[in-house]
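Chemist: Attaching a predicted model along with its sequence, questions to come.
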Amino acid sequence: MLTLHSKVAGLHFEPPLILASGILGQTSSSMFISLKGGFGGIVTKSTGLEPREGHQNPTMLELDTGLINAMGLPNQGVDIFKEELKELFQMVDDVPIIGSIFASDEEQFAQLAASMEESGVHAIELNLSCPHAKGYGAALGNDPEMAGTIVLNVSESVNLPVLAKLPPADNIAEIALAVQGAGADGIVAVNTLKAMAIDVETRKPFLGNKVGGYSGPGIKPVGLRCVYETYSEVDIPIIGCGGINTGRDALEYVLAGASALEIGSAIYYRGKKAPSKISNEMMEIMAQEGIDTLEELIGVAHD
Ligand code: RRO
């Protein structure tokens, strides 16, 4: 019988479609609503140690082939965010909730991860990949040595699976190998691509921060390349992310080597039931192809 589930870093996802960080992951009610739409897991909005306002408006723009954002890591700080998580855990107890964190060095990352662990999250996702926040995200994750140092420090400070969310770098496989060596339990590939838009009438960059992160259908080929190259090098599981809008997109990522998928912009394009729609489309294609489990397809494009 056809079933749509997957195990990643000891966590069971059914379906293996996970709300990507940054989309509806900031409050208990928005996370609860996302689960009702059919997600099998959630990654929270990235949280830091202290509250942070984020970048100036405009922070988001729709393009022909995707979205560009420069939110700038706005968040309430981990102490207040833990209250949101407490409320969420009163409403759900059977779905993996992954806490995303960002910090500027390995010590802060370790401190933050330990604080997040107290909230009851089931795993930690390290934001090593936000493309437009000076001193954070990709500024750290593009360097294999720094990425490894952060993973090592976090792994030693928590008893939870640690997932490293990587930037869509040319050398992503090298970064992935470094974080695997440092003890990462899984890789999330990829975050948004550093990009910009210019308004012709005002003759100025559109976003308040000038540069932002490009997501949505246009980045799928880049995300796929990153998963494919990473799968060739590492043994730990990979969660694919980037422009997954349909069940066919999701299966492409699985064939490239992903064991589960994170979904963000599809909520914008297909509504809050996007994960249910994508699951159904995946199962329809799998049924046509005579495939019973996702496992049969993981990495098959490499054979
Ligand atoms: O908050 C953001 O602007 C943001 C983050 Br933390 C990230 O990881 N990726 C992104 O595109 N935007």
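Modeler: Yep, it's here.
Chemist: where along the stretch 51-200 of the chain do the strands fall?
Modeler: When secondary structure is read from DSSP state E, counting those that start in this stretch, the stretch 51-200 of the chain shows strands at 60-63, 66-69, 97-101, 123-127, 162-166, 186-189, 193-196, 198-199.
Chemist: quick one, which of these is nearest to residue 210?
Modeler: Minimum separation from residue 210 across those (C-beta to C-beta) falls at strand 193-196, 6.2 Å. All C-beta atoms are positioned from the backbone trio N, CA, C, and that covers glycine.
Chemist: check contacts around residue 169.
Modeler: With contacts taken as C-beta atoms under 8 Å, 6 or more residues apart in numbering, residue 169 has the following neighbours: 138, 141-142, 175, 226.
Chemist: Out of these, flag the one nearest to residue 279.
Modeler: Top of the list for closeness to residue 279, among the contacts of residue 169 and by C-beta to C-beta, is residue 226 at 23.3 Å.
Chemist: Phi, psi for the closest one please.
Modeler: Taking degrees, to the nearest 10, you get phi -70, psi -40 for the backbone angles of residue 226.
Chemist: ditto for the one 4 residues further on
Modeler: Reported as degrees, to the nearest 10, the phi and psi values for residue 230 are phi -70, psi -40.
Chemist: What about it, how many residues nearby?
Modeler: 26 (other C-beta atoms under 10 Å).
Chemist: ok, it to residue 257 distance?
Modeler: Counting by C-beta to C-beta, to the nearest Å, the separation of residue 230 from residue 257 is 7 Å.
Chemist: ok, back up a step: just name the most buried of the strands of the stretch 51-200 of the chain.
Modeler: strand 186-189 (a mean of 31; mean count of other C-beta atoms under 10 Å).
Chemist: can I get the strands of the stretch 51-200 of the chain in CSV with mean pLDDT and distance to the ligand?
Modeler: Compiled in CSV, the strands of the stretch 51-200 of the chain are given as follows (pLDDT from 0 to 100; distance: least, C-beta to the nearest ligand atom, whole Å):
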stretch, mean pLDDT, distance to the ligand
strand 60-63, 97, 9
strand 66-69, 98, 5
strand 97-101, 98, 8
strand 123-127, 98, 5
strand 162-166, 98, 7
strand 186-189, 98, 11
strand 193-196, 98, 9
strand 198-199, 96, 19
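Chemist: out of these, which comes closest to residue 267?
Modeler: Nearest to residue 267, of the strands of the stretch 51-200 of the chain and by C-beta to C-beta, is strand 66-69 at 10.7 Å.
Chemist: List, one by one, the residues from the stretch 101-250 of the chain near the ligand.
Modeler: Along the stretch 101-250 of the chain, the residues adjacent to the ligand under the rule C-beta under 6 Å from any ligand atom are 127, 129-130, 137, 191-192, 213.
Chemist: Can you tell me which of those residues is nearest residue 148?
Modeler: When those are compared for distance to residue 148 (C-beta to C-beta), residue 129 wins out at 14.6 Å.
Chemist: Quick check: the gap between the closest residue to the closest one other than its chain neighbours and residue 133.
Modeler: Counting by C-beta to C-beta, 6 or more residues apart in numbering, residue 129 lies nearest to residue 191, which is 3.4 Å off, once chain neighbours are set aside. Distance from residue 191 to residue 133, counting by C-beta to C-beta: 11 Å.
Chemist: can you check residue 154 too?
Modeler: Summarising the geometry, the distance separating residue 154 from residue 133, computed by C-beta to C-beta, is 19 Å.
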